[in-house]
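S.K.: Next one to model:
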Amino acid sequence: MSTPHNNANKGDIAETVLMPGDPLRAKFIAENYLENPVCYNNVRNMLGFTGTYKGVPVSVQGSGMGMPSIAIYSHELYNEYDVSNIIRIGTAGAVADSVNLRDIVIAMSASTNSAYANQYNLPGTYAPTASWKLLSVAVKMAEKNNCSYHVGNILSSDTFYDDFDSLAKWHKMGVLAIEMESAALYMNAARAGKNALCILTVSDCPFRNLSTTAEERQSSFRTMMEIALDTALEISK
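M.R.: Okay, here's the model as predicted:
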């Protein structure tokens, strides 16, 4: 079985998938953390691998950038490949004053300026929320890692280059960080009755003009990778 975006066969993908935006980060995780990784997808170079982490099957696959892209890949994983848990591991820009470069942000909820929820024709405003099953474990793993982390609301934006400065308004509402994928992932998980979580590394601080390099974003943000892998391991018990 395959889909238009994934040439994996049924059974090739583990129950839990780590999903970075960058397919090269997926490759890095597979090569550096998974035992006996096998590439199950190379359609459009959106690489996906399955291996084992401390004896537990785990998959890792790129999602691409933006909500439309992660929505396609997560929908297929949940609905065509019987995936139960997707943990997005990505980068974000700091919004809150307390959030610093390379801090970890665990997204309890994902506000958004996207119209993605319109497809559900809901009689109100939906609040995209992480799955407690994953969130509670990830916080414990962050505590064990002894890293600087934050838990709360993030913003999933449809725009990277904004035509007006809107971040100050989100800052007033206590949003921790901004990225471009998680709200759609959380909605897809809710609709499919599955689990989702977003764990982010702060790669830039727009209000302070601080940033990391593309190479650092691809391969050096190991703390969030290890928190996600340990979360996958813990929920398999």
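S.K.: low pLDDT regions in the protein?
M.R.: By pLDDT under 70, the weakly predicted segments of the chain are 1, 218-220.
S.K.: all helices of it, in order?
M.R.: 23-33, 67-80, 132-145, 167-172, 182-192, 214-219, 222-235 (DSSP state H).
S.K.: from these, which stretch is densest packed?
M.R.: helix 182-192 (a mean of 24; mean count of other CB atoms under 10 Å). C-beta: built from backbone N, CA, C; applies to glycine.
S.K.: Show me what it is packed against.
M.R.: Secondary-structure packing of helix 182-192 (3 or more CB pairs under 8 Å, 6 or more residues apart in numbering; DSSP states H and E): helix 67-80, strand 85-94, strand 104-112, strand 149-156, strand 195-205.
S.K.: Columns distance to residue 15 on top of the helices of the chain, output as CSV?
M.R.: Shown next, in CSV, are the helices of the chain (distance: least, CB to CB, whole Å):
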stretch, distance to residue 15
helix 23-33, 17
helix 67-80, 10
helix 132-145, 12
helix 167-172, 34
helix 182-192, 13
helix 214-219, 26
helix 222-235, 9
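S.K.: what's the burial count for residue 42?
M.R.: 12 (other CB atoms under 10 Å).
S.K.: one step back: please produce CSV containing the helices and strands packed on helix 182-192, extended by distance to residue 172.
M.R.: What follows is these, written out as CSV (distance: least, CB to CB, whole Å):
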stretch, distance to residue 172
helix 67-80, 24
strand 85-94, 15
strand 104-112, 12
strand 149-156, 12
strand 195-205, 17
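S.K.: Geometric centre of this structure: which residue is closest?
M.R.: With distances taken as CA atoms, centre = their mean, the residue of the chain nearest its centroid is residue 88 (1.6 Å).
S.K.: Enumerate every residue touching the nearest residue to that residue once chain neighbours are set aside.
M.R.: Distances taken as CB to CB, 6 or more residues apart in numbering place residue 198 nearest to residue 88, at 4.3 Å, with adjacent residues excluded. Residue 198 sits next to 87-88, 90, 106-107, 110, 130, 154, 179, 181-182, 185-186 when contact means CB atoms under 8 Å, 6 or more residues apart in numbering.
S.K.: now with 10 Å?
M.R.: Going by CB atoms under 10 Å, 6 or more residues apart in numbering, residue 198 touches 19, 70, 86-90, 92, 105-110, 128, 130, 134-135, 138, 154, 156, 177, 179, 181-183, 185-186, 224, 228.
S.K.: ditto for residue 128
M.R.: With the criterion set at CB under 10 Å, 6+ apart, residue 128 makes contact with 107, 109-112, 114, 116-117, 154, 156, 182-190, 196, 198.
S.K.: For the nearest residue to it once chain neighbours are set aside, give its distance to residue 167.
M.R.: Leaving aside its sequence neighbours, residue 128 sits nearest to residue 186 (CB to CB, 6+ apart; 3.7 Å). According to CB to CB, to the nearest Å, residue 186 and residue 167 sit 21 Å apart.
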